[in-house]
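Chemist: here is a sequence with its predicted model. Questions after.
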Amino acid sequence: MFQVEELAEQWPVFRLTDGAAQSVLEVVPDRGGIITRWAIQGQELLYLDRDRYQDPNLSIRGGIPILFPICGNLPDNRYQLPSGEAGILKQHGFARDLPWMVTGSDLRDAASITLTLDATPATLAVYPFQFRLDFTYRLQGNQLEIIQNHHNLGDRPMPFSSGLHPYFNVADKSALAIDLPVTEYFDQKRQSTGAFDGTLDFEQDELDLRFPVVDRLSATVTDRQQQQTLSLEFDASYRTLVFWTLKGKPFYCLEPWTGPRNALNTGEQLLWLDPGATHTNQVRLQLQYNC
């Protein structure tokens, strides 16, 4: 029923399959450990800009990029910690740009693969903390689970934010019904706040909205044209959701972040991990057909 196979392409691709559900997941360790494809019964759920993917000098726009050790951007890409240490990190951090290693797979009750990213001299030069990330992707039926273990291998507390940046395919954004566990938003483009009533203006050239999570740990997006609902469930570490899209592009992003932009400077919702400790985040995506 379950299978994990390696495909020889421009970069090695690991394909996870649940044969009974006709669901497929593709992961590219060398391109930031990214999920590039999630399909169910032949329907492609994720958007991917193939031109950017094929250019190793560009960040990928599409799939599910990994955000670490920051989410979003910093003013002038700079941070300064309470200890006085300062550094430069580009938007969303470096995990999405570095090669990960495949360190395990499991076929017992799901098609599962584990990827690992360790600190290197290059990461220590911009983020002076010894870390290890172990991300496990589990495909079962119409469900994708992403289990993220962040390890502090150093001798002092490690500050970080963690997030995912999924790009979902959509043909008609006006057919989307969005149910988020929020009451207000912050508009990154306009630097303004407002009450959220469940509607979004897709006529804007760009929507970049941050939502502080206030109650339940789940969100849903129903595509009335496709007659299906995508649910996003996440653990209590995630206190921010971001919705981002561009006018005329067939995607929307619904992103779970543990903290907002610039948390490394402000400390807002910043995670601190003790020496030798591990912090685990979990995100679950599931597709349901509405008959």
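Modeler: Ah, there it is.

Chemist: quick one: pLDDT of Cys291?
Modeler: We have a pLDDT of 67 for Cys291.

Chemist: what sits against Pro260?
Modeler: Contacts for Pro260 were tallied using C-beta atoms under 8 Å, 6 or more residues apart in numbering; they are 71-72, 210, 240, 268-269. Where C-beta positions appear, they are placed from N, C-alpha and C, glycine not excepted.

Chemist: now with 7 Å?
Modeler: 72, 210, 240, 268-269 (C-beta atoms under 7 Å, 6 or more residues apart in numbering).

Chemist: going through those residues, which ones are buried?
Modeler: Listed as buried from these are 72, 210, 240, 269; burial here means 16 or more other C-beta atoms under 10 Å.

Chemist: for the second one, give its distance to Phe234.
Modeler: Taking C-beta to C-beta, to the nearest Å as the criterion, Arg210 is separated from Phe234 by 15 Å.

Chemist: before we move on, the earlier item: sitting in strands, which of the contacts of Pro260 do you find?
Modeler: If you go by DSSP state E, these have 210, 240 in strands.

Chemist: how many neighbours does the residue nearest to Glu203 when sequence neighbours are not counted have?
Modeler: Distances taken as C-beta to C-beta, 6 or more residues apart in numbering place Lys247 nearest to Glu203, at 7.0 Å, with adjacent residues excluded. Lys247 has 12 neighbours, counted by other C-beta atoms under 10 Å.

Chemist: and the pLDDT for Lys247?
Modeler: On pLDDT, Lys247 comes in at 96.

Chemist: mind putting the buried ones among the contacts of Pro260 into CSV with pLDDT and distance to Ser23?
Modeler: Shown next, in CSV, are the buried ones among the contacts of Pro260 (pLDDT from 0 to 100; distance: C-beta to C-beta, whole Å):
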residue, pLDDT, distance to Ser23
Gly72, 97, 31
Arg210, 97, 31
Thr240, 96, 29
Gln269, 95, 33
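
Chemist: so where do the helices sit in the stretch 151-291 of the chain?
Modeler: Secondary structure of the stretch 151-291 of the chain (DSSP state H, counting those that start in this stretch): helices located at 263-266.
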